[in-house]
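Peer 1: Got a sequence here, can you model it:
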Amino acid sequence: MYEKKATVMIQVGLHARPATFLIQKANEYRSSIWIEKDERRVNAKSLLGVLSLGVAQGVTISVIADGPDEIEAVDTLCQLINSDFEE
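Peer 2: Numbers count the residues shown, from 1 in each chain. Next up, the predicted model:
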């Protein structure tokens, strides 16, 4: 299991478009991936789960993964979150 923190930089937070992009990236990995905010953990591959967290700009979240590509998955997703969702 690998965990890393990231701060949401995009102005709208993890709203529909950035959340969808994050989920698409998460689905590229075989590992199980979760996002945690305020001790509430959701599946990073679930749109409803991610949107239900209500993550606003400037909020720090944890990205957690467990599986064969966990380090690459977490590092890539954290980089995406920290970069205002620009590849």
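
Peer 1: contacting residues for the spatially closest residue to residue 12 that is not a sequence neighbour?
Peer 2: Leaving aside its chain neighbours, residue 12 sits nearest to residue 18 (6.7 Å; criterion: C-beta to C-beta, 6 or more residues apart in numbering). Glycine gets a C-beta too; all of them are placed from N, C-alpha and C. Counting by C-beta atoms under 8 Å, 6 or more residues apart in numbering, residue 18 touches 10, 12, 85.

Peer 1: so the closest residue in space to residue 53 that isn't next to it in sequence bridges to which residues?
Peer 2: Closest residue to residue 53 apart from its sequence neighbours, by C-beta to C-beta, 6+ apart: residue 37 at 4.8 Å. Residue 37 has these beta-bridge partners by DSSP bridges: residue 40.

Peer 1: all strands for the protein, in order.
Peer 2: For the chain, applying DSSP state E gives strands covering 2-7, 32-37, 40-43, 60-66.

Peer 1: Tell me the buried residues in stretch 51-60?
Peer 2: Neighbour-count burial for stretch 51-60 flags 51, 53, 55 (criterion: 16 or more other C-beta atoms under 10 Å).

Peer 1: can you put these in CSV and add distance to residue 24 and pLDDT?
Peer 2: Listed next are the buried residues of stretch 51-60 as CSV, based on distance: C-beta to C-beta, whole Å; pLDDT from 0 to 100:
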residue, distance to residue 24, pLDDT
51, 14, 96
53, 17, 96
55, 17, 95
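
Peer 1: Distance to residue 22 added to the residues you listed, as a markdown table?
Peer 2: As requested, the buried residues of stretch 51-60 are arranged in a markdown table below (distance: C-beta to C-beta, whole Å):
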| residue | distance to residue 22 |
| --- | --- |
| 51 | 11 |
| 53 | 11 |
| 55 | 10 |
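
Peer 1: Give me the residues contacting the lengthiest helix in the chain.
Peer 2: The residue-count maximum for a helix in the chain (DSSP state H) belongs to helix 70-82. Helix 70-82 has contacts (C-beta under 8 Å, 6+ apart) with 1-9, 21-22, 25-26, 29, 31, 33, 44, 61, 63-65, 67, 87.
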